[in-house]
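Novice: build me a structure from this.
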Amino acid sequence: MEKVKAFLKRKDIEISLKRYGIDALGAMAQGLFCSLLIGTIINTIGTQFQIAFLTQTVATVSGVDYTVGSLATAMSGPAMAVAIGYALHCPPLVLFSLITVGFAANALGGAGGPLAVLFIAILASEIGKAVSKETKIDILVTPLVTIGVGIALSAWWAPALGSAAMKVGNLIMWATNLQPFLMGILVSVVVGIALTLPISSAAICAALGLTGLAGGAAVAGCCAQMVGFAVMSFPENRWGGLVSQGVGTSMLQMGNIVKNPRIWIAPILTSAITGPIATCVFHMEMNGTAVSSGMGTCGFVGPIGVYTGWMSDIANGAKAAVTASDWLGLVLICFVLPAVLCPLINLAVRKLGWVKDGDMKLD
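Specialist: Sure thing, here's the model as predicted:
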């Protein structure tokens, strides 16, 4: 046993919730952002502003035409896998081999591809690390083992993992349509909390394919956390804090939450309010990419995702036009209500003596 522990330590293989559930999951979301999400945004900008370079075909592969944006989205599997490998400290040959593994896992996983990529890339990475530099022909052995394991697991596991992820996602979306008030609260609160925790709400939403009304509730929860923390901590963090939390991430407050968990009360209650308002009053749906559901106002990806969903629905005939109510709901849910409700709720919490000056100060 001691020899095994020494080997794992030498290979930097750490079997832990932090390494796989936080580091790898968070990195996967970054890979998604740099491929699928950016590609979607590029396509939207090109279409809405009629930029020829962004809408015309730049490559044709096996009869499929690709624009600049669709080339980026097509690389989401490799991008996720390489990001996961980077988070797991993979040596170069393992890291580069994950490009093939990510493509296979995402393709075979179907709509639930991101979840398949997460599991398979982690296993392929760790096995690749285990054999890396153990032979004199490392340049052959390491890629062969990493890709071989990744492709085998993709063929064996990816379809089932993808199917399971989509069933869970479909169940959540079905429940939200059936009980928009209760599920609006539940989805908004849970995804919002995940956004602030050092895990990836975006990767979770992407893995489950969370769109529709449930996606709208997820957007509401994420925006409640980000805008809420940004505005209610403004007296302590000023403009730098407003931007870094409101457009960056509310995860910056995790250190302060550990010190005083009660500072989290206002954003969580805000998400519990805005979630059902999104589902029951404005019927706000996220029909863009599922990863956008878990991004909130980070780079304004959440609102942009809702907008791209509108455009997609109009294009396929599911929606006639974007209405004034749509815009009102988007602005209220994503920006105005969190900015108003969260500081008000926090004021009540402060009067109870649970939160005091300096509790939300960022270093």
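Novice: now stretch 354-363: average pLDDT?
Specialist: Averaged across stretch 354-363, the pLDDT comes to 91.
Novice: over to stretch 318-330?
Specialist: Mean predicted confidence for stretch 318-330 is 93.
Novice: for that stretch, output the C-alpha coordinates as PDB.
Specialist: Backbone C-alpha positions of stretch 318-330 (Å, rounded to 0.1, in the frame of the first residue of the first chain) are rendered in PDB as follows:
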ATOM      1  CA  ALA A 318     -41.400  28.600 -32.300                       C
ATOM      2  CA  LYS A 319     -41.600  32.300 -31.500                       C
ATOM      3  CA  ALA A 320     -43.100  35.100 -33.600                       C
ATOM      4  CA  ALA A 321     -41.100  38.000 -32.200                       C
ATOM      5  CA  VAL A 322     -39.300  39.400 -29.200                       C
ATOM      6  CA  THR A 323     -41.800  41.300 -27.100                       C
ATOM      7  CA  ALA A 324     -41.600  44.200 -24.700                       C
ATOM      8  CA  SER A 325     -42.500  41.700 -21.900                       C
ATOM      9  CA  ASP A 326     -39.500  39.500 -22.900                       C
ATOM     10  CA  TRP A 327     -37.100  42.500 -22.600                       C
ATOM     11  CA  LEU A 328     -38.700  43.700 -19.400                       C
ATOM     12  CA  GLY A 329     -38.400  40.200 -17.800                       C
ATOM     13  CA  LEU A 330     -34.800  39.800 -18.900                       C
END
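Novice: how far out from the middle of the chain is that stretch?
Specialist: Stretch 318-330 sits 25 Å away from the centroid of its parent chain (CA atoms, centre = their mean, to the nearest Å).
Novice: buried ones in it?
Specialist: Using 16 or more other CB atoms under 10 Å as the test for burial, stretch 318-330 gives 319, 326, 329, 330. From N, CA and C alone the C-beta is placed, and that goes for glycine too.
Novice: helix or strand: which one has the closest residue to the first one other than its chain neighbours?
Specialist: Same thing as residue 319. The shortest distance from residue 319 to any non-neighbouring residue, by CB to CB, 6 or more residues apart in numbering, is to residue 313 (3.6 Å). Under the criterion of DSSP states H and E, residue 313 resides in helix 301-315.
Novice: okay, angle between the helix or strand that that helix is followed by and helix 301-315 too, please.
Specialist: Using DSSP H and E, the helix or strand that follows helix 301-315 in sequence is helix 324-331. Put simply, helix 324-331 runs at 160 degrees to helix 301-315, going by axes from the mean of the first three to the mean of the last three CA atoms, to 10 degrees.
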